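Undergrad: Got a predicted structure here, sequence first:
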Amino acid sequence: MDINKVISEIKKIEGTDVETGLEYCASDEEIYVETVQDFLEDDRGSAVLEAFNNNDIDSYHINAHALKNLCYTLGLNPLGDKAKELDDAAKIKDFDYIKAHNEELMLMYKEYTDRLNAILAEN
C-alpha cells in the first residue's frame, strides 16, 4: 500500500483535516491509515442505524458519540459535526430531531466510508 498516496487522496475529501488526524496518530502516517482501516472495520454507522431502528435513544447516544469522536480523531470534520448534532439531540432525548436528521447522517457516513474504502482499495 502506498501510504503517501492514500494520505494524498484522503486530503482531497472536502472538509477533511488530515493534519489534525495525524496529530492524534503521533504524526505517523502508517498509524493514521491503520486508524482509518479500523474506523471502516468498526462500522459505527451500522450501530447508530440499529439503535435508531430500535428506537433505543441510549444506545443511539453512545454510538453517535463514538462516531463523532472517531470522525474528529481522523479529521473527518463534516461527518463529525453531523454526528455531534445527533449526539447532542440524543443527550437531551430529542428523538424527533433524530428522526428528522438521522438519514442525513447515514448518507454522509455512507459517502465517507465508500470514498475511504475506494481509496484503500486502489492503493
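TA: Received, thanks.
Undergrad: Could you pick out the longest helix of this protein?
TA: helix 95-122 (DSSP state H).
Undergrad: list the contacts for the spatially most central residue of the chain?
TA: Among the residues of the chain, the one closest to the centroid is residue 71, at 4.0 Å (C-alpha atoms, centre = their mean). By C-beta atoms under 8 Å, 6 or more residues apart in numbering, residue 71 lies in contact with 77, 79-80, 83. In short, each C-beta sits where N, CA and C put it, glycine included.
Undergrad: just to revisit the earlier point, could you say what helices and strands the longest helix of the chain packs with?
TA: With contacts taken as 3 or more C-beta pairs under 8 Å, 6 or more residues apart in numbering; DSSP states H and E, helix 95-122 sits against helix 3-11, helix 29-42, helix 44-53, helix 57-74, helix 77-91.
Undergrad: for the shortest one, which positions count as buried?
TA: Neighbour-count burial for helix 3-11, counted by 16 or more other C-beta atoms under 10 Å, picks out 6-7, 9-10.
Undergrad: Pick out the most distant pair among the residues you listed.
TA: 7 and 9 (7.4 Å; C-beta to C-beta).
Undergrad: what angle sits between the longest helix of the chain and helix 77-91?
TA: If you take axes from the mean of the first three to the mean of the last three C-alpha atoms, to 10 degrees, helix 95-122 sits at 150 degrees to helix 77-91.
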